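In: sequence plus predicted model, see below.
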Amino acid sequence: MWLAILVFGLFLGVLLLEFYAAKKRPRPSTEGFGASFCTHDGKPTSKPEGPLKLSLSPHTVYKNFPNQKNSSFTINSHGFRGGELPSVGSFKNIIIAGDSGAFGYGVRDNETISSLLETKLQGCHVINAGVMAFLSSQTLTYLVTELTDYHPDVFIVYLGISDLLNARHNIIWKKNLLDYCGAFFGIEHRLLVDQKTQGSVRASFQRFINTLSKKSALGLIFDEQVKKLRNRAGPYRPIAPNRINHMVDRYTSNLKKMNDFCKSQGGKFLNVIQPELGFKSKRTPAENQFSQELGGLVGLNYSAKFSEDYRLFIEKSKSKLSLWGIPCVDPGTCPEFRDSDEQLFIDVVHTSRRGNEVIAQLIDKTLKKLS
């Protein structure tokens, strides 16, 4: 009798805790730039982490889901950030592609590099084809399979940091897999789990328990705390020189292919290297605070060692690209950016509106030289 009362009391206590946790747990934000995956027709395939939908793609693993709009960003019917494309006219098409830096993480639609560059160019329309966490391999595929249909007169790539960090954190350290995006391995893992649950009662039961825990507010809180512990940035360890060399080979090879493809289509190609906070010689108090508090944003303790690795990666890449005659803009070495005493960053890797203005000016100068 007492045992039954005890069990009932524990059960009731867990229910009350579950109810309390469900009430207190914040709902997923409908603003900001957190991303979630979905199918090509918008059905969710991951738990909501934010309002930005990334749909699975047969070519690039994922890309922006079209027709999205909130106070933080707009995605048009083509999957590009910003408003709808103008009707066919006599203007030139310029496409800026790349990762979250090109997309404009943390800034409004009219504060992205592409939007600010368009205000400087007469008779040109600048398309923002940036996709969060895209790599050079995905950008190359995107260009050849889809972006070429928009007949860009100039194709601008804004990349660097994502390639370095992806290769650094890639759990499968093989040269031929170095530039595979992490989402690919995530999808592969889920397919393996599906296969195991179909042939094993034990695996099927484990998956049932895992699913049940994720439906529980208490289970979700516990899962989030475990993830924080796992993802907590440890001391930064410099990247081995041979690994950096392999990264450079994959990165520059992808850029060369993009350059060659653009030339074959009668267009121009420009590589713009994404800067990071360590490249600035004069940091504002806010930027100094970012370097202390937001290092975990890139999955590591931000330090001068990371800047050294990234600068080595960039210098080796620029050296190879110059041999091939590929034009390059490196804001981190330009006095207008490097020596600015204004706040150019909103975290350690993403630029503010003012930072984007300076980068747009540097791109504009280079385009005038190329024309």
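Out: Okay, I see it. Numbers count the residues shown, from 1 in each chain.
In: how about the helix or strand harbouring S319: buried residues?
Out: Using DSSP states H and E, the element containing S319 is helix 304-323. For helix 304-323, the neighbour count (16 or more other Cβ atoms under 10 Å) marks 305-307, 309-314, 316-318, 320-321 as buried. Using the backbone N, CA and C atoms, a C-beta is placed for each residue, glycine as well.
In: so what does that helix touch, helix or strand wise?
Out: helix 161-169, helix 241-264, strand 268-273, strand 328-329 (3 or more Cβ pairs under 8 Å, 6 or more residues apart in numbering; DSSP states H and E).
In: which among the ones you listed is found nearest to A97?
Out: Checking the helices and strands packed on helix 304-323 against A97 by Cβ to Cβ gives helix 241-264 as the closest, at 8.9 Å.
In: what's in contact with the closest one?
Out: The contact list for helix 241-264 (Cβ atoms under 8 Å, 6 or more residues apart in numbering) reads 136-137, 139-140, 143-144, 148, 152, 155, 157, 159-160, 163-164, 167-168, 173, 175, 178-179, 239, 268-269, 271, 309, 312-313, 316-317, 320-321, 324, 326.
In: how does it look with 6 Å?
Out: 136-137, 140, 143, 155, 163, 167, 175, 178-179, 269, 271, 312-313, 316-317, 320-321, 324, 326 (Cβ atoms under 6 Å, 6 or more residues apart in numbering).
In: hmm, back to that, got TSV for the helices and strands packed on helix 304-323, with mean pLDDT and distance to L116 too?
Out: Converted to TSV, the helices and strands packed on helix 304-323 look like this (pLDDT from 0 to 100; distance: least, Cβ to Cβ, whole Å):
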stretch	mean pLDDT	distance to L116
helix 161-169	79	20
helix 241-264	93	23
strand 268-273	98	13
strand 328-329	98	14
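In: quick revisit: from the contacts of helix 241-264, which would you call buried?
Out: The neighbour count (16+ other Cβ under 10 Å) marks 136-137, 140, 143, 155, 163, 167, 178-179, 269, 271, 312-313, 316-317, 320-321, 326 as buried among those.
In: residue closest to the middle of this structure?
Out: By Cα atoms, centre = their mean, the chain has its centre lying nearest to A133, at 2.0 Å.
In: contact partners for that residue?
Out: By Cβ under 6 Å, 6+ apart, the contact set of A133 is 99, 162.
In: what do you get for E111?
Out: Contacts of E111 (Cβ under 6 Å, 6+ apart): R353.
In: for it, give its distance to S77.
Out: 22 Å (Cβ to Cβ, to the nearest Å).
In: just S162 next, same as before
Out: For S162, the distance to S77 equals 26 Å [Cβ to Cβ].
In: between these two, which is the more surrounded one?
Out: The neighbour comparison of S162 against S77 (other Cβ atoms under 10 Å) goes to S162, with 25 against 9.
In: find the nearest non-adjacent residue to that one, please.
Out: Leaving aside its chain neighbours, S162 sits nearest to D99 (4.2 Å; criterion: Cβ to Cβ, 6 or more residues apart in numbering).
In: tell me which element K53 is part of?
Out: Judged by DSSP H and E, K53 forms part of strand 52-57.
In: can you give me the domain boundaries for the chain?
Out: Per automatic domain parsing, the structural domains of the chain span 78-172+235-370, 180-231.
In: let me have these in JSON lines, extended by distance to P51.
Out: Shown next, in JSON lines, are the domains of the chain (distance: least, Cβ to Cβ, whole Å):
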{"stretch": "domain 78-172+235-370", "distance to P51": "12"}
{"stretch": "domain 180-231", "distance to P51": "18"}
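In: least reliable of these going by mean pLDDT?
Out: Lowest mean pLDDT of the domains of the chain: domain 180-231, a mean of 61.
In: who is I75 paired with across the strands?
Out: Going by DSSP bridges, I75 is paired in beta bridges with Q68, R81.
In: ignore the last one, V154
Out: Beta-bridge partners, per DSSP bridges, of V154: I94, K268.
In: quick check: it touching K268?
Out: Yes - counting by Cβ atoms under 6 Å, V154 does reach K268; the two are 4.7 Å apart.
In: and the two? Which one has more around it.
Out: Each of V154 and K268 has its neighbours counted (other Cβ under 10 Å); V154 has more, 21 against 17.
In: and the strands in the protein?
Out: Assigned strands in the chain, in chain order: 35-38, 52-57, 61-64, 68-69, 74-75, 92-98, 124-128, 154-159, 268-273, 328-329 (criterion: DSSP state E).
In: can you redo these as CSV with distance to R81?
Out: Output for the strands of the chain, formatted as CSV (distance: least, Cβ to Cβ, whole Å):
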stretch, distance to R81
strand 35-38, 13
strand 52-57, 10
strand 61-64, 7
strand 68-69, 9
strand 74-75, 6
strand 92-98, 10
strand 124-128, 4
strand 154-159, 13
strand 268-273, 17
strand 328-329, 21
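In: which among those is found nearest to V193?
Out: Each of these has some distance to V193 by Cβ to Cβ; the shortest is strand 35-38, at 15.7 Å.
In: distance from the chain centre to the closest one, please.
Out: 13 Å (Cα atoms, centre = their mean, to the nearest Å).
In: what about that strand, average pLDDT?
Out: Averaged across strand 35-38, pLDDT comes to 90.
In: ok, stretch 62-75 next?
Out: Per-region confidence: stretch 62-75 scores 95 on mean pLDDT.
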